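Student: Structure, please.
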Amino acid sequence: MKVDFHCHTTASDGGLSPKEIIDLALKHEVTTLAITDHDTTAGYEQALDYATENNIQLISGVEASCTWNGHTIHIVGLDFDIENPVLQAGLASIRELRLARANSMLERLADKPHIKIDSIEEKLWNLVGHGVVGRGHFSQLLQQEGLVKNGQQAFDRYLKKGKVGHVGVTWPELSTVVNWITQANGIAVIAHPAIYKFTSNKLNRLISDFKQAGGQAIEVVNQPRHCADINGMAQRAVKNELYASMGSDFHRPEHSWRGLGWLAPMPQTVRPVWELFKNPLKQA
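Tutor: Numbers count the residues shown, from 1 in each chain. Have a look, this model is predicted:
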């Protein structure tokens, strides 16, 4: 059995189509997969038939943006009813916020004479295609135009808070997003908790508020090798009586440090999130 419950396709800011992500899962011998595109279930929907044909167990998934105490937090939803109207209306509202932010970012970047990108709007929307626009697309555009060497430079020089391309956005509250997922009979998971770089006390407060809102799991494993972060998140899962999820947050093949299904083993001290799934995991 090999699983990955956090990855992205061209339905949001990933580099592979939903069909190609299933092909990659087959190549890497991933038996159960959740496609968790940003604020849309389109990737899951487009991949489902192809996954079934190829004997890959595909779990419904999404990664939704929300606000907690002024911070942007990502919540992964797993194994929910994709036709639930409350969830889908909520995700549609977040996509509208993303679109408004993208248009404001385009205006800000186009307004600066030292940022010379001809036909910037056309180039951005060509990159986005039918997907959900995100800052990752702006990062790709800046790299494509030779203004930066990599994604880190794109954010450091242009896209992060305080830089010319940054536009703030107020996402729905954490409790609201968790409620959308649980109303759809899904499992809410705090995505990549270490990435927020919170103090221990602040992370504990986030987890407490998340659980109070109805959240059930925390992403414990998102690294290819065992590390201190995994130990820390496993301890928090046990202490807070939360289930443990695992996911690579895979976006694109050129990110050589992050492969689909390339994950350290789940610690034996935790209850794995798949114990909550409506159908048992497919065995290899």
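Student: switch to C-alpha atoms for all contacts and neighbour counts from now on
Tutor: Will do.
Student: Please verify my assumption that His137 contacts Asn126.
Tutor: No. If you go by Cα atoms under 8 Å, His137 and Asn126 don't touch, sitting 9.8 Å apart.
Student: does the residue most central in space within the chain sit in a helix or strand, and which one?
Tutor: Against the mean C-alpha coordinate of the chain, by Cα atoms, centre = their mean, the closest residue is Glu63 at 4.2 Å. Taking DSSP states H and E as the definition, Glu63 sits inside strand 61-68.
Student: how far does that strand sit from the chain's center?
Tutor: Once both centres are worked out by Cα atoms, centre = their mean, to the nearest Å, strand 61-68 turns out to sit 8 Å from its chain's centre.
Student: Return the list of helices and strands in contact with the following helix or strand past that strand.
Tutor: Later in the chain than strand 61-68, the nearest helix or strand by DSSP H and E is strand 71-78. With contacts taken as 3 or more Cα pairs under 8 Å, 6 or more residues apart in numbering; DSSP states H and E, strand 71-78 sits against strand 61-68, helix 174-183, strand 187-190.
Student: And the average pLDDT for the last one is what?
Tutor: Looking back up the chat, that one is strand 187-190. The pLDDT scores in strand 187-190 average 98.
Student: Next: the first one.
Tutor: Along strand 61-68, the predicted local confidence has a mean pLDDT of 98.
Student: Output the contacting helices and strands for it.
Tutor: Of the remaining helices and strands, those touching strand 61-68 by 3+ Cα pairs under 8 Å, 6+ apart are strand 71-78, helix 174-183.
Student: hmm, back to that, ok, the residue nearest to the centre of the chain - contacts?
Tutor: The neighbours of Glu63, taking Cα atoms under 8 Å, 6 or more residues apart in numbering as the test, are Thr36, Asp37, His38, Asp39, Thr40, His74, Ile75, Val76, Gly77, Ala191.
Student: Tell me the buried residues in stretch 233-244?
Tutor: For stretch 233-244, the neighbour count (16 or more other Cα atoms under 10 Å) marks Met233, Ala234, Gln235, Arg236, Ala237, Asn240, Leu242, Tyr243, Ala244 as buried.
Student: Run through who's touching stretch 218-231.
Tutor: The contact list for stretch 218-231 (Cα under 8 Å, 6+ apart) reads 189-194, 233-234, 237, 242-249, 258, 262-267.
Student: repeat for stretch 237-257
Tutor: 3-9, 13-16, 189, 207-208, 211, 216-223, 234, 258-263, 266, 269-274.
Student: Quick check: Lys123 touching Leu142?
Tutor: No. Under the criterion of Cα under 8 Å, Lys123 is not in contact with Leu142, lying 10.4 Å apart.
Student: The two - which one has more neighbours?
Tutor: Leu142 (23 against 16; other Cα atoms under 10 Å).
Student: Surely the more buried one is in a helix?
Tutor: Yes. Under DSSP: H, G, I helix; E, B strand; the rest coil, Leu142 falls within a helix.
Student: how close does it sit to Gly134?
Tutor: For Leu142, the distance to Gly134 equals 13 Å [Cα to Cα, to the nearest Å].
Student: Ok, Val30 next?
Tutor: 27 Å.
Student: Those two - which one has more neighbours?
Tutor: A count of neighbours by other Cα under 10 Å puts Val30 above the other of Val30 and Gly134, at 21 against 17.
Student: any idea which helix or strand carries the more buried one?
Tutor: Under the criterion DSSP H and E, no helix or strand holds Val30.
Student: so it makes contact with Lys2?
Tutor: Yes. With contact defined as Cα under 8 Å, Val30 reaches Lys2; the gap is 4.8 Å.
Student: shared neighbours, the two?
Tutor: Here Val30 and Lys2 share the contacting residues Gly261, scored by Cα under 8 Å, 6+ apart.
Student: Format the helices and strands packed on strand 61-68 as CSV; extra columns: mean neighbour count.
Tutor: What follows is the helices and strands packed on strand 61-68, written out as CSV (neighbours: other Cα atoms under 10 Å):
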stretch, mean neighbour count
strand 71-78, 24
helix 174-183, 22
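Student: Need the ones you listed in CSV (columns: distance to Ala102 and mean pLDDT).
Tutor: Listed next are the helices and strands packed on strand 61-68 as CSV, based on distance: least, Cα to Cα, whole Å; pLDDT from 0 to 100:
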stretch, distance to Ala102, mean pLDDT
strand 71-78, 17, 97
helix 174-183, 21, 98
